[in-house]
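>>> curious how this folds, go ahead:
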Amino acid sequence: MNDTRKITEGALMTGAYLLLLLIILFTPIVGSFLIFVLPIPFIFYSYRHGFKVGMLMMVAAIVFTLVFATVFSLPATLMAGIGGLFVGEAMHKKRSAYETWASGSLGFIIGLVSVFLITQLLFGMNWMDEIQTALDESFSMAENMMGAFGSSEEVQQQLTGMEEQIRALPDYLPSILAIMGILIAFISQWVSYKVINRVEGKKFYFPSFRHYNLPVSVLWYYFFALIFSYVFAESNNIWYLAAINVYTLTGVFLVLQGFAFLFYYVHIKGQSKALPIVVIAGSLLFPTIVMYLIRILGIIDIGFSLRQRLEPKK
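Numbers count the residues shown, from 1 in each chain. Here you go, the predicted structure:
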């Protein structure tokens, strides 16, 4: 009886996944919003029955994707399936929300790397060349627009600095994939919480953002990556690429730590939540300055345990 229910639910979830996939394929405008919902059938099924049973559903989804969709849909199925299984398994084992997010992030990063490798090996698509071509076109458009306002020395310096940044972007592809995996994991997990709470009457939720807190080890990764990025700066080899990507990724985590500390501070002090919101808005308008300061705040928060110092003494 139990096996029959698993098979029935697996068939329903596989059908739901294929329906979402076909909507994404044939209605790109609507489908662009559904890409984060694509892993939910895998999350729901593996949450109910565990990782091993979820793997069977993923295999079935791959087979039906090749039959009813196109071979080009295979990368999307792998990404959604692997990431969804990691999130669902963590929920199945009753991990905390942030532990589930970490597990899901790892799964989606593995999925994105799989997509990257498959599209290069099977479809002959060189992502580095494609990204560089798109960046060159964007730079040419920006150069033409800025050239319309004059060709002063200041404009030429700005164009030179912009070109250097554009040329360096492909080096950050691993960091970009990792950040994308983390973002997809968060949105998919949040939507899954809403669906499961509605269907099963559960109470899954993310704790308040002010409770977001990184381990001290992240600081060591950050500082070592910073040092190695200077040591291997002139060689431009794989060690340099690894250092700058680890530095970028841990830097993003530290920025989140800084924002979380601001929310924690206004909560403890009973101040308006408008303060961190204004800072977030400022970071979007002036990212170079504000993000740098927020990252420093995150470093200080972890290194000197600022939250423990702010806690009211009992």
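
>>> how about the helices in this protein?
Per DSSP state H, the chain has helices spanning 2-26, 28-34, 40-49, 51-68, 74-92, 97-121, 127-147, 153-168, 173-200, 217-231, 238-269, 274-285, 287-304, 306-310. These are given in chain order.

>>> please name whichever of those is nearest to R210.
Distances from R210 to each of the helices of the chain were compared using C-beta to C-beta; the shortest belongs to helix 238-269, at 4.0 Å. C-beta coordinates here come from the backbone N, C-alpha and C atoms, glycine included.

>>> angle of that closest one against helix 217-231?
Comparing the axes of helix 238-269 and helix 217-231 via axes from the mean of the first three to the mean of the last three C-alpha atoms, to 10 degrees yields an angle of 140 degrees.

>>> what's helix 238-269 packed up against?
Other elements packing on helix 238-269 under the criterion 3 or more C-beta pairs under 8 Å, 6 or more residues apart in numbering; DSSP states H and E are helix 173-200, helix 217-231, helix 274-285, helix 287-304, helix 306-310.

>>> would JSON lines of these with mean pLDDT and distance to V252 be doable?
As requested, these are exported to JSON lines (pLDDT from 0 to 100; distance: least, C-beta to C-beta, whole Å):
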{"stretch": "helix 173-200", "mean pLDDT": "89", "distance to V252": "6"}
{"stretch": "helix 217-231", "mean pLDDT": "87", "distance to V252": "10"}
{"stretch": "helix 274-285", "mean pLDDT": "84", "distance to V252": "12"}
{"stretch": "helix 287-304", "mean pLDDT": "88", "distance to V252": "9"}
{"stretch": "helix 306-310", "mean pLDDT": "79", "distance to V252": "20"}
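
>>> with distance to G88 added, can I get those in JSON lines?
Output for the helices and strands packed on helix 238-269, formatted as JSON lines (distance: least, C-beta to C-beta, whole Å):
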{"stretch": "helix 173-200", "distance to G88": "8"}
{"stretch": "helix 217-231", "distance to G88": "26"}
{"stretch": "helix 274-285", "distance to G88": "31"}
{"stretch": "helix 287-304", "distance to G88": "30"}
{"stretch": "helix 306-310", "distance to G88": "32"}
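
>>> including mean neighbour count, could the helices of the chain go into TSV?
As requested, the helices of the chain are arranged in TSV below (neighbours: other C-beta atoms under 10 Å):
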stretch	mean neighbour count
helix 2-26	15
helix 28-34	11
helix 40-49	26
helix 51-68	17
helix 74-92	25
helix 97-121	19
helix 127-147	12
helix 153-168	12
helix 173-200	18
helix 217-231	15
helix 238-269	19
helix 274-285	14
helix 287-304	17
helix 306-310	13
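
>>> who wins for proximity to F206 among those helices?
Going through these one by one, with C-beta to C-beta as the measure, helix 97-121 comes closest at 4.8 Å.

>>> so for that closest one, mean pLDDT?
Helix 97-121 comes out with an average pLDDT of 85.

>>> just checking, what packs against that helix?
If you count contacts as 3+ C-beta pairs under 8 Å, 6+ apart, helix 97-121 packs onto helix 74-92, helix 127-147, helix 173-200.

>>> with distance to L310 as new columns, can those be given to me in CSV?
Compiled in CSV, the helices and strands packed on helix 97-121 are given as follows (distance: least, C-beta to C-beta, whole Å):
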stretch, distance to L310
helix 74-92, 31
helix 127-147, 43
helix 173-200, 26
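
>>> now G201: phi and psi?
phi 70, psi 20 (degrees, to the nearest 10).

>>> residues in contact with I184?
I35, F36, P39, G83, F108 (C-beta atoms under 8 Å, 6 or more residues apart in numbering).

>>> picking up where we left off before, between the helices and strands packed on helix 238-269, which gets nearest to T14?
Of all the helices and strands packed on helix 238-269, the one in closest proximity to T14, counting by C-beta to C-beta, is helix 173-200 (16.5 Å).
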